[in-house]
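Undergrad: Turn this into a model:
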Amino acid sequence: MLKNKLIQVAVVLILVVFSFYYTNKTIDIIKQTDPLMKKIKEESTKYQIPAENAKEEDNKIIPGKNGKEVDYEETYQKMKRYGTYNESLTVFKETTPSVSIEDTYDKYVISGNEEKKAVALVFPITKENSPNNITTILNGEDVQATFFLDGLWLENNLSLVKNMTNHELEILSYDNKYEEVYFTSSIQYLKNITGNNSNYCYADYDNKEVIELCSKLELHTITPTIKITNTPFQDIKTKLSNGSIISFPINTTTELELKTVIDFIKSKGYSIVTLQELLSESLEK
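TA: Numbering: from 1, shown residues only. Have a look, this model is predicted:
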């Protein structure tokens, strides 16, 4: 008796599942043959922008760019409620490149997308540095930068770091070393202060120790497009280009010339952004 009841319940459940499946299938067929959906698909081609793959060369990579296409389902639902095709109700979604820096950690990121009229300013901080004057200049110019902090320096300058959280903060090393236990502890310590996850590592040049550790931790390792020497303004005048990652030493020369450098970059029509914005493949950035 119990066995028969179980069989009956099973049959009913199977019928419900199949009924639900075929009902949805019928609705989908009706939707796809609806003249409104056909019109949406016909018009969609003029909006389509293909995604652009990241550029890879040897052990280096430059971000690509997301594409754009019409979201058929969302557009259909909005226009159906409106009652007719209306171009202004078109809903879009981004498409991602098949080769992206988002999931590539074993290559050095050497610049942002070259189509972006933007640059990022980067300042590595070791235990010998004090960024006070640099942050004062940046704040006065309403410019965000990216600071790579040595973990030991971070521990010893907590109050100063809390005043830098309007900038992008990342971990550089720990006491100029790259031991995983100290490096990951510094990352967590910084997250406790800023509330943000770390995204990047920094290397002046190809550094196997850095990229192996950072790749393991799923952090992108950047190397500067322009590494400022003792002549910041001259370096910028001759080397500035779209997507540049510009690394500055923290010293009196940088402090003296930074405002002039910022003014020059802005005068050439460049936006100055954080690394996260510069390296984003999103169309929104």
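
Undergrad: quick check, Glu115 in a helix?
TA: No: Glu115 sits outside any helix when classified using DSSP: H, G, I helix; E, B strand; the rest coil, being coil.

Undergrad: residues touching it, list them.
TA: Contact partners of Glu115, counting by Cβ atoms under 8 Å, 6 or more residues apart in numbering, are Lys65, Asn242, Gly243. C-beta: built from backbone N, CA, C; applies to glycine.

Undergrad: Name the single longest strand found in the protein.
TA: Ranked by residue count under DSSP state E, the longest strand found in the chain is strand 118-125.

Undergrad: strands paired with that one, and their directions?
TA: Next to strand 118-125 in the sheet, as set by DSSP bridges, lie strand 146-150 (parallel), strand 245-247 (parallel), strand 271-273 (parallel).

Undergrad: okay, these in a markdown table with mean pLDDT, distance to Met37 and mean neighbour count next?
TA: Putting these into a markdown table (pLDDT from 0 to 100; distance: least, Cβ to Cβ, whole Å; neighbours: other Cβ atoms under 10 Å) gives the following:
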| stretch | mean pLDDT | distance to Met37 | mean neighbour count |
| --- | --- | --- | --- |
| strand 146-150 | 97 | 46 | 24 |
| strand 245-247 | 98 | 45 | 22 |
| strand 271-273 | 97 | 40 | 19 |
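
Undergrad: Can you lay out those strands as TSV showing distance to Thr253?
TA: Formatted as TSV, those follow (distance: least, Cβ to Cβ, whole Å):
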stretch	distance to Thr253
strand 146-150	18
strand 245-247	14
strand 271-273	19
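
Undergrad: so which of those strands comes closest to Leu158?
TA: Nearest of the strands paired with strand 118-125 to Leu158, taken as Cβ to Cβ: strand 146-150 at 11.0 Å.

Undergrad: contact partners of the closest one?
TA: 120-127, 131, 161, 164, 167-176, 186, 190, 200-202, 274-275.

Undergrad: same question, stretch 194-204
TA: Residues from elsewhere that reach stretch 194-204 (Cβ under 8 Å, 6+ apart): 108-109, 122, 124, 146, 148, 165, 169-172, 187, 190-191, 210-211, 213-214, 219-224, 227, 247, 275-276.

Undergrad: So how do I select the buried members of these in PyMOL?
TA: Applied in PyMOL, the following selects the buried portion of those according to 16 or more other Cβ atoms under 10 Å:
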select buried, resi 108+109+122+124+146+148+169+170+171+172+187+190+210+211+213+214+219+220+221+222+223+224+227+247+275+276
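
Undergrad: returning to that earlier point: between the strands paired with strand 118-125, which one is nearest to Glu74?
TA: strand 271-273 (29.8 Å).

Undergrad: Give me every residue in contact with that closest one, excluding its own residues.
TA: Against strand 271-273 from outside (Cβ under 8 Å, 6+ apart): Lys117, Ala118, Val119, Ala120, Leu121, Val143, Gln144, Ala145, Ile262, Ile265, Lys266, Lys285.

Undergrad: And it, how far out from the chain middle?
TA: 14 Å (Cα atoms, centre = their mean, to the nearest Å).

Undergrad: same question, stretch 145-165
TA: The answer for stretch 145-165 is 22 Å, by Cα atoms, centre = their mean.

Undergrad: Same question for stretch 168-179.
TA: On Cα atoms, centre = their mean, the centre of stretch 168-179 falls 20 Å from that of its chain.

Undergrad: Output it as CSV - backbone C-alpha positions only.
TA: What follows is stretch 168-179, C-alpha atoms only, in CSV (Å, rounded to 0.1, in the frame of the first residue of the first chain):
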residue,chain,number,x,y,z
GLU,A,168,44.8,53.5,-2.7
LEU,A,169,47.0,51.5,-0.3
GLU,A,170,48.8,48.2,-1.1
ILE,A,171,51.5,46.2,0.5
LEU,A,172,55.1,46.5,-0.9
SER,A,173,57.1,44.0,1.3
TYR,A,174,57.8,43.3,4.9
ASP,A,175,61.1,44.9,6.1
ASN,A,176,62.1,44.8,2.4
LYS,A,177,61.6,41.0,2.3
TYR,A,178,58.9,38.7,0.8
GLU,A,179,58.3,36.0,3.3
